[in-house]
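> Build the 3D model from these lines:
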Amino acid sequence: MSVEYSNGNKNGNTNGSTNGVKYVKLFDNRRFITNYLVNQLEENLSNSKLEQFKINKVIENAIHWCLVNGFVLVPKSRKQEDLMVVTYLPFTLFPTPFEKTHFQQVIDLQPHVNELFNKISTNEDFMNKSFEKYLTMIDQFLGNLWSLYKRAKVEGYSQKINLSILRTDYMLHQRDDHISMKQVEINTIAAGFGYVSTKATMLHKEILKWTGNYDALNRIPHNEPVVKMAQGFAKAWRLYNVPSSIVLFIVLDIEINIADQRHLEYEIKKQEPLIEVHRCTLMELNKYGRLDKDKTLYFFDKEVSIVYFRAGYDPSHFESQTEWDTLYRIEISKAIKCPNIGTFLAGMKKIQESISIDENLEYFCNSNKDLLKSVFAEFFLLNTQENIQKVLENPENYVLKPQREGGGNNFYNKDIITIINRIKSIETCLNGNVNGKKIMEDRYNKDFYIVMEYLRPLASYNYIVSSKYQQQQHIAGQQGNLEKKKITNELGVYGVFVKNGEEIVMNETCGYCLRSKLAEDNEAGVMCGSGALDSIYLLD
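Next comes the predicted model:
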């Protein structure tokens, strides 16, 4: 099968203006990539009521498969006493078509990304230039991280072994007639969905068999991210060279993505049975852990060789100074951190903006500079009147993002205009000078944001199956109706990096994660039911 593109509906664009500046609905005028699997099903459904019955049974089978095979999450809406009640993760009915060359490009690129971000995280001068001005006065969370990073540098790091698990997210972006992969962000902490992405691939293979699409089976790429992630943990643990030491997962008090986390733990134990894995919160480590004078970290009486963070990436994870103090003790300990604070900070939007500047990228890269730059989107700061005007004149071409690592809290289209006009109004009142006032978490400070080019990913048609949509259909009395949706995707590529001093021990691509959402949504989340896990079938 080869790639086939078509134009989206160019009619019905909703145009408007805010303060004389235009904005448009950004999901219009998209090119579509044809999903042959969806087209075939649609034709079958239109010709036979039996086919509708059969496909409803396929969906029922798929949901049961998810529940039996651990493709699940703990619902956010659960009651406290229903802690172990689970539901299936949302999924697309069919895998999404993806051009082989685009997919292979970012799979091959990931080791270069791994090494680049290791270099960035260990370069104190570059980190200082990137962060000093933008963090300390504006964002309290990042300011606290930066303070711990600098304190740890003064104290002196006790561990030269580095373990990183990254996920680099991309969109297949269209600009005029050109289609290319563009990098959305780099997740350097708690890069999730590794295990459940394997399950999504397995689920789609079963659905293809149930629907008779056997020819598509060999077009789904192999995908087992946690296998190589676990290899990274095992290699780092052996380098630490204390056979009785444990791996410690730092988690939240109540986790909803439990299957994804636990199966990484099980894979580590499968590959190296001598490794003991424990889970605790930062508060529990503070209560039951200690840091000896030689910087050895203990949990109860067990020496900790690796601390793996599945929490600690959001301000809500730090309810008191105790959590911050515990994080600092981890940072200066002999334990291997995945990630350390430097690597965590390297995943911030400010770093993406910094390395999008040619001379900064050249500082870290030689032969692979063009490979990396080819996937960079446009980034810039609101640090000049020219840049501000550029955004105001064409807000539909940009996204206003907070400096932090991770997605969410972004502004689009007319909301960008509202924020920028508010910023300008405040600056005018203050005559461009905050007069020494330190306003933390100030969403109306222009330095709080990074401007990124708005990416227009290719769309396709598919069916999303989720408990959220099932409940909505039940309320509307439309259960059993299968509705084809326009969707767009975000492709995440996992990488594992292990370094001992100056020696790179492991630098590999682990696999991929594909998440899909409705084309008209700017943002959506798998865990809240508005997005869906997906997989890929490759086209020539």
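> Apart from its neighbours in sequence, what residue is nearest K295?
With sequence-adjacent residues excluded and distances taken as CB to CB, 6 or more residues apart in numbering, K295 is closest to S158, at 4.1 Å. Placement of C-beta: from N, CA and C, glycine included.
> and the one you found, that one's in a helix?
No. Per DSSP: H, G, I helix; E, B strand; the rest coil, S158 lies outside any helix segment and is coil.
> Provide a list of residues in contact with it.
295, 332-334 (CB atoms under 8 Å, 6 or more residues apart in numbering).
> Would you point out the most distant pair within these?
Within the contacts of S158, I332 and K334 form the most distant pair, 8.9 Å apart (CB to CB).
> worst-scoring helix or strand of this structure, pLDDT-wise?
When each helix and strand of the chain is scored by mean pLDDT, DSSP states H and E, strand 21-24 comes last, with a mean of 33.
> Next up, phi/psi of the residue nearest to K295, please.
For S158, the backbone dihedrals (degrees, to the nearest 10) come out as phi -100, psi 0.
> I'd like the distance between it and S197.
S158 sits 35 Å away from S197, going by CB to CB, to the nearest Å.
> One more: E255?
18 Å.
> Pick out whichever of those two has more residues nearby.
Between E255 and S197, S197 has the larger neighbour count (other CB atoms under 10 Å), namely 27 against 18.
> Nearest spatial neighbour of that one, chain-adjacent residues omitted?
C513 (4.1 Å).
> ok, what's across the strand from that neighbour?
Beta-bridge pairing of C513 under DSSP bridges involves G492.
> next one: the one 5 residues further on
For L518, the residues forming beta bridges with it (DSSP bridges) are I487.
> what sits against V493?
106-107, 109-110, 167-170, 509, 511-512.
> hang on, S244 packs against V304?
No. Using CB atoms under 8 Å, S244 makes no contact with V304, being 10.9 Å away.
> Neighbour count for those two, which is higher?
Counted by other CB under 10 Å, S244 and V304 do not tie: V304 has more neighbours, with 24 against 10.
> I'd assumed that one was in a helix, is it?
No. Using three-state DSSP, the secondary structure at V304 is strand, not a helix.
> contacting residues for it?
By CB under 8 Å, 6+ apart, V304 lies in contact with 245-248, 289, 297-298, 333, 335.
> Let's see which of those end up in strands.
Judged by DSSP state E, the subset of the contacts of V304 located in strands is 246-248, 289, 297-298.
> Now which of the residues you listed would you call buried?
Buried by 16 or more other CB atoms under 10 Å: 246-248, 289, 297-298, out of the ones in strands among the contacts of V304.
> Can you tell me which of the residues you listed is nearest N421?
For these, the nearest to N421 is L248 (47.3 Å; CB to CB).
> My guess is the closest one contacts T281. True?
No. Contact criterion CB under 8 Å: L248 and T281 do not qualify, at 10.9 Å.
> With respect to G525, which of the contacts of V304 is nearest?
Nearest to G525 out of the contacts of V304 is L248 (CB to CB; 27.3 Å).
> Any figure for the gap between that closest one and P339?
From L248 to P339 the distance is 14 Å (CB to CB).
> And E60, by the same measure?
41 Å.
> which one of these two has more residues nearby?
Comparing E60 with P339 by neighbour count (other CB under 10 Å), the higher total belongs to P339, at 26 against 10.
> quick one: the strands in the stretch 51-200 of the chain?
In the stretch 51-200 of the chain, strands defined by DSSP state E, counting those that start in this stretch lie at 72-73, 87-88, 91-92, 96-99, 161-175, 178-187, listed in chain order.
> for those, which one sits closest to C365?
Comparing the strands of the stretch 51-200 of the chain by CB to CB, strand 178-187 comes nearest, at 14.4 Å.
> elements contacting that closest one?
If contacts are counted by 3 or more CB pairs under 8 Å, 6 or more residues apart in numbering; DSSP states H and E, strand 178-187 sits against helix 100-121, strand 161-175, helix 349-355, strand 485-500.
> L142 is nearest to which of the strands of the stretch 51-200 of the chain?
So among the strands of the stretch 51-200 of the chain, strand 178-187 is nearest, using CB to CB, at 15.3 Å.
> Tell me which residues of the closest one come out buried.
Buried residues in strand 178-187, counted by 16+ other CB under 10 Å: 179, 181-187.
> repeat for stretch 197-207
Across stretch 197-207, burial judged by 16+ other CB under 10 Å covers 197-205, 207.
> Now tabulate these in TSV and tack on distance to F98 and pLDDT.
Shown next, in TSV, are these (distance: CB to CB, whole Å; pLDDT from 0 to 100):
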residue	distance to F98	pLDDT
S197	14	98
T198	17	98
K199	19	98
A200	14	98
T201	13	98
M202	18	98
L203	17	98
H204	13	98
K205	16	97
I207	17	96
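> Nearest to E224 among the contacts of V304?
When these are compared for distance to E224 (CB to CB), V247 wins out at 19.7 Å.
> circling back: give the residues shared as contacts by I332 and K334.
158, 295.
> Quick check: mean pLDDT of the strand or helix carrying R262?
Take DSSP states H and E as the rule and R262 turns out to sit in helix 258-271. Across helix 258-271, pLDDT averages out at 96.
> cool, stretch 460-469 as well?
Taken as a whole, stretch 460-469 has a mean pLDDT of 89.
> now I487: how far from W65?
From I487 over to W65 the distance is 21 Å, taken as CB to CB.
> One more: G531?
Taking CB to CB, one finds G531 at 20 Å from W65.
> more crowded one of the two?
G531 (24 against 18).
> Can you pull the poorly scored residue ranges out of the stretch 151-300 of the chain?
Within the stretch 151-300 of the chain, no stretch has pLDDT under 70.
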